[in-house]
Structures are given as C-alpha cells and as structure tokens.
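In: Sequence plus the predicted model coming up.
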Protein chains: 2
Amino acid sequence: MKHIGKQTVQLLNPVTIDCTYSIVGPKESEGPLAKFFDNTIEDAFYDESTWEKAESKLNSTSINGCLCKSNKSVTDIEYILAGDLLNQCIASSFAIRDTNIPFLGLFGACSTMIEGMSIGSMLIDGEFANNIICSTSSHFCSAEKQFRFPLELGSQRPPSAQWTVTGAASVLLSNEGNGPKITHVTTGKIVDMGVTDANNMGAAMAPSAANTLKTHFEDTGRRPDYYDLILTGDLGYIGHDIVVDILKADNYDMTKNYNDCGILMFDREKQDTHSGGSGCACIGTVFSGFIYNQLQSKKLNKILLVGTGALMNATSCQQSETIPGIAHAIAIENI
Amino acid sequence: MKHIGKQTVQLLNPVTIDCTYSIVGPKESEGPLAKFFDNTIEDAFYDESTWEKAESKLNSTSINGCLCKSNKSVTDIEYILAGDLLNQCIASSFAIRDTNIPFLGLFGACSTMIEGMSIGSMLIDGEFANNIICSTSSHFCSAEKQFRFPLELGSQRPPSAQWTVTGAASVLLSNEGNGPKITHVTTGKIVDMGVTDANNMGAAMAPSAANTLKTHFEDTGRRPDYYDLILTGDLGYIGHDIVVDILKADNYDMTKNYNDCGILMFDREKQDTHSGGSGCACIGTVFSGFIYNQLQSKKLNKILLVGTGALMNATSCQQSETIPGIAHAIAIENI
C-alpha cells in the first residue's frame, strides 16, 4: 500500500505534468491573469448557437491545444479523464467524442480537475498508462441558466455570489519528462455543515477544503509553511477566510502562503464579481495558465493544489437539501 | 505498462469481488430475477418525500448493506467510487455524505458501475487501496421526470423505449479473499453513429458496446466463446440485436452466449417494458444479484461484463445533438 496516513497516497514515481493548455472567456481575459492563458475568446458563444455548445467547444480547444503544445500524439494517450458542471457532463462528452481516446468520465463538481489529476497520477504511477489528459470546463452563461436563473431576467446577485469562470483547461500527465511533478494525492471526504444558500458556495465548500487540508498535513507530517503556495479551487473571498479560521482553530497558520483561484482570477475593484470566481474552469485555467508558468520558471517550487466542489443541483436546492462539499488535494513539486 | 493491445489492462494481481448488495423497486421485484436481490422496496417513494431522495436512500441502503454483508468495516475502505443519472450525480453524493469514506465521483451514464469497477480494480492492483466500494443507482420516476416527460402526463412510450430500473447496487472490491476476480479491464472510447432518438437508447449505445467488445477480443486474443457469458448493461432487445449484427460483420459469433441485463431484468410478455430495462442500476443490480450468485455457485466461471452509457442530457436532445455512447468492459473469472 502506497498510503501514508489516512487518505494520502505518496507516489513512488512522481508523475510529470508535461504540458497544460488554458482558454478563457471575455471577462477572464480582462482580469489580472490574462497574459498567462494560452487562448481567449471574444464572444461567449464562441461561434456556436448555444452556450452549452460553446462550452463544449472550449473544452475541445483545450484538449487539442494541449496535445499540440506537447510532443505527444493522440495515440500516445491511454486515457482522458474529464467532467464538467453541465447536466450529465455533456460539455466533456461532446468535446471528447471526436478524440478517439479511451474516456473515463468524472463528476466532482468544481473539484473535477484535481480529481482527474489525482486518479490520473495514480494510474500512471501504477503503470496502467504512460500519458493521460485531464480536462474540464465551465461557462458563466450555461451555469447560471442551469443552476440559478435565466440570464435574461437580469437577477441581482447577492454579495456572497461568485462568478462562474468561462473557460476550459487541459493537463497532460506523463511518466516521463522534466516538468513539475505530482508527488502526493489526498482524496477528500464529503463534508456538509448545513449551508443551504446556493448563492454562497464558498461557505458550503470551505469546511471540506479545511478537512482535506488538515488531513493532508496530518498524513504527510508537513505544516502549511512547507509549501510556497497553497491554493484552493474556487472558495472565493468568503470561503478563503473560513478556511483560514477553521485551520487556525486546529493550530495551522494559513495566513502566510494561502490563496484561492477565485480570488486570483478577477480584479476585485474593477470587475465586480462579488466573492470571486468559481466553476470547474477556475482552478483549471488558473493552474494551467498562471501557476504552471510560475512552476516552470521556478518562482514556485512546492505547491498544494486543492480542488473544491459543491455536490448539489437545482432540484436538491428546491427540495431544501443542504449543500455537501468535497475537496481533493495534490502536491506538486519541482524535484 | 500493464496494457495488452490498445485499450486493455491485464491486472497483475486480479482483484477480488468480495461482496455485493442489490436493492430494487416494486416492478423489478416482480421480474424473473426477483429472488436474487438482497432487498426490495414496495413503494417507489421508499418513505421519502421525493423520488430523488428515494433514489439516494436506495443508494445508501446498498452501500450500508454491502458493508454489513462483508467482514469489512468502514475504516477498511480507502475509496468509494460512485455516480448516477441524476443531474450532478446527487443520488450518490447525498448517499455517500454520511459514510466518512474518501469519495471519487464518476459519470459514465449507465456504464458508471463498470467504470467504477474498472478504476477501482486498477487502484487496488496498483496498491493504492486494499478495499474499494463501487456503487450506483437509478430510479424510473426520477429518470423519466428528468430526461423525458412528467410522469403525471401519462405519455405513451414507443416500442423502442426502455424502462429505467429502480434500484441500487454496491460492490466491494478487495486485494484479498476467495470471490470471483476481475482479471482484465477494457476502457471504451465514445462512439456516436448519429442516433437522435432519446427513446431508442439501445440503438444509440450498441455501436460503442460493439466497439469495446471487438477491441477486447483483439487486445486479449480471445474469441466470444472463451466466456461462459457476455453481458451488456442496458441495450435492451433492440441494442442487443444490433451488437450481434455488427460483430457478425467482424466475424465474431455472438449468438451463443451473449445476453443483456435489460433483457434479463423484466419479463417481456408479462411486464410490458417494451425494449427492456435500462439505467445505471440495470447492470448494477443484475450483476450484484443474479450474476454474482451464479459466479459464487460456479454455474458461471468466466464472464465479460460490459457497461453501456448514453452521454446525453435533455438539453442536448432539445438542441438537436446526437447521442454519443460509451462502453467499458471487465472480465471476471473464478480462478
């Protein structure tokens, strides 16, 4: 068994992140991380007739872009692991339909990218594959329409709301190469603290992120200061602060090197996204764009990446259910 | 690399199916396989206020039932792999919320159970876990409501339609024990032959099943007659016959030992389900109930289990998209 502690796997042969590709929408391309993305679109429809088709096309572009940037061909890839927020993950399915790569579909809500990189790195370390692509997408318009209200209503968003990132990201994991490496995988449990407000996802997901972080620290014996950066997926400003508070009570100081992709994605003053960014593509594009760049240039050498997901749907909220959260963590190091 | 051929993994240490648990709804408990299920419910609401909550409770019962039947405790289980047909897989999430087991969410439509057993057996063979639970569920009422029409409309179903199985199943995979063993995993690619009729899922999924079967035969060098039984997930009568036809053209004779869980689940004459059963729970409960019993009593010793999924949603059909199919195969043998 390759487990250390309760929920963490230490990979015997750390898995290389060979290549990444990110594509984002109009609003994201005006944000502070704009220059790090591989590609941007000017119109949310991306030359398609519906937002769902546009999201799928973003996903498709990211997969093809990742393959083009790498020196691998389609036939080198044993599996593609992907999922998204659309009902029955259709953005992924329709994007992957034409790739001719064996497909394992995932649903971890906004933790999907890190769930994919977790399973993918174990499959490579276990010698079930040499190369795996992990991909995900989200789209502000398709997500609002599906989870909240028709955009045409122009509903007012409360201050706790987050803005679903329009974009897609793909990561190519490999058993060879000199890129940054995934060394540890901590798989999370569902945590539900009873939040029922679908406009406060940060609060719903923060307890699960704190739970996975604490477990990772206990399992590895590491403290938060081991890492150059600890980065959660899409907790936004509210969820970020809750994580700091919960872990402070457990004697872990998260005030020095902890940030959230939902905070990094948009400019708080100029872009008015309230509590920050969210969506599967939030951690996907921030990692594939900005963070991977920082790892390659050795400005960052040890990071802990925590994907966070809210496991609800529109029906469960209407049926007065609470919102369960989940979080998966992977350690990435230049070694 | 543990791959043989293009898409098949041969497990170095075949993974034991230690225990299974199945629970089905009222209609299924009147079918020909009734006596093989562990548990049945008399009312589709299962003492809950909504069909979605009832489905989640079925899932929860199957997970707890599987743990109770085995000699394992919750703390012996490193991962639970699960998914279902409800938007954002809420039947699984809400069922697993209280288990305190690390959770990896999957979406493979009705192939989810076999996708879970595929990933689960690789994670155990790769020494990332000793014990993994794979579970899934479906519910006729929640599925009809979500994918087709409100049940209250009493819409007429065409002859090609299938009846979503109400039920849930869980399987406990282990690195030890004397049960039947998973020896090979063939992961499928998405195949889309352009079917657009959401009331003919069998036809939409059959080409992907045929593709995965053909790939499995080529990768392993086995012919159909190697197996005592080849069993697809939920192609029903129409999809079953299409698979036979496609593979006949490729020189594989599927007329001797091939059946489908959608055919086995209901009595064609008395139960009037048109083209047979479907849903994630179809292959889940037929395997966990009837087939596992036949493997344990050595009436079957070599089977090939092929989960089949239609990767669409209600919106994609309204947007005139075709219905992509996927199929994953696992070989299970008494060795």
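Out: Nice, I can see it. Numbering: from 1, shown residues only, chains lettered A, B, ... in the order given.
In: make it CA atoms for all contacts and neighbour counts henceforth
Out: Noted.
In: Quick check: residues of the stretch 101-250 of chain A near chain B?
Out: Within the stretch 101-250 of chain A, the residues that sit near chain B (C-alpha under 8 Å from any C-alpha of the partner chain) are A:101-109, A:115, A:122-123, A:125-130, A:187-192.
In: Give me the subset of these that lies in strands.
Out: Residues of these located in strands (DSSP state E): A:103, A:104, A:105.
In: contacts for stretch A:211-231?
Out: Identification of contacts with stretch A:211-231 by C-alpha atoms under 8 Å, 6 or more residues apart in numbering or on different chains yields A:4-8, A:186-189, A:191, A:247, A:252-254, A:256-261, A:300-306, A:327-329.
In: Show me what residue A:326 bridges to in the sheet.
Out: On the basis of DSSP bridges, residue A:326 is bridged to residue A:309.
In: Could you do residue A:172 as well?
Out: Under the criterion used (DSSP bridges), residue A:172 bridges to residue A:19, residue A:133.
In: tell me the SS of the spatially closest residue to residue A:322 that is not a sequence neighbour?
Out: Once flanking residues are discounted, residue A:322 sits nearest to residue A:196: 4.6 Å by C-alpha to C-alpha, 6 or more residues apart in numbering or on different chains. At residue A:196, secondary structure determined by DSSP: H, G, I helix; E, B strand; the rest coil is coil.
In: so what's residue A:196 up against?
Out: Each residue near residue A:196 by C-alpha under 8 Å, 6+ apart is listed here: A:204, A:317, A:320, A:321, A:322, A:323.
In: Looking at the residues of the stretch 101-250 of chain A next to chain B, which are in helices?
Out: Within these, residues falling in helices by DSSP state H are A:115, A:122, A:123, A:125.
In: What are the boundaries of the strands in the stretch 51-200 of chain A?
Out: In the stretch 51-200 of chain A, the strands defined using DSSP state E, counting those that start in this stretch lie at A:79-84, A:103-105, A:131-138, A:163-164, A:167-174, A:181-186.
In: what's the angle from the next helix or strand after the last one to strand A:181-186?
Out: I take that to be strand A:181-186. Per DSSP states H and E, the first helix or strand lying C-terminal to strand A:181-186 is helix A:201-220. With axes from the mean of the first three to the mean of the last three C-alpha atoms, to 10 degrees applied, the angle from helix A:201-220 to strand A:181-186 works out at 100 degrees.
In: quick one: strands adjacent to the helix or strand following helix A:201-220?
Out: Counting by DSSP H and E, the element after helix A:201-220 in chain order, helix or strand, is strand A:229-232. Partner strands for strand A:229-232, per DSSP bridges, with pairing direction: strand A:258-260 (parallel), strand A:302-310 (parallel).
In: what sits opposite the closest residue to residue A:240 other than its chain neighbours in the beta ladder?
Out: Sequence neighbours aside, residue A:260 is the residue nearest to residue A:240 in space, at 6.6 Å (criterion: C-alpha to C-alpha, 6+ apart). With DSSP bridges as the criterion, residue A:260 is bridged to residue A:232.
In: what about residue A:260, how many residues close to it?
Out: Other residues lying near residue A:260 total 28 when counted by other C-alpha atoms under 10 Å in any protein chain shown.
In: what about the residue nearest the centre of chain A, distance to residue B:305?
Out: By C-alpha atoms, centre = their mean, chain A has its centre lying nearest to residue A:283, at 3.5 Å. Using C-alpha to C-alpha, to the nearest Å, residue A:283 is found at 36 Å from residue B:305.
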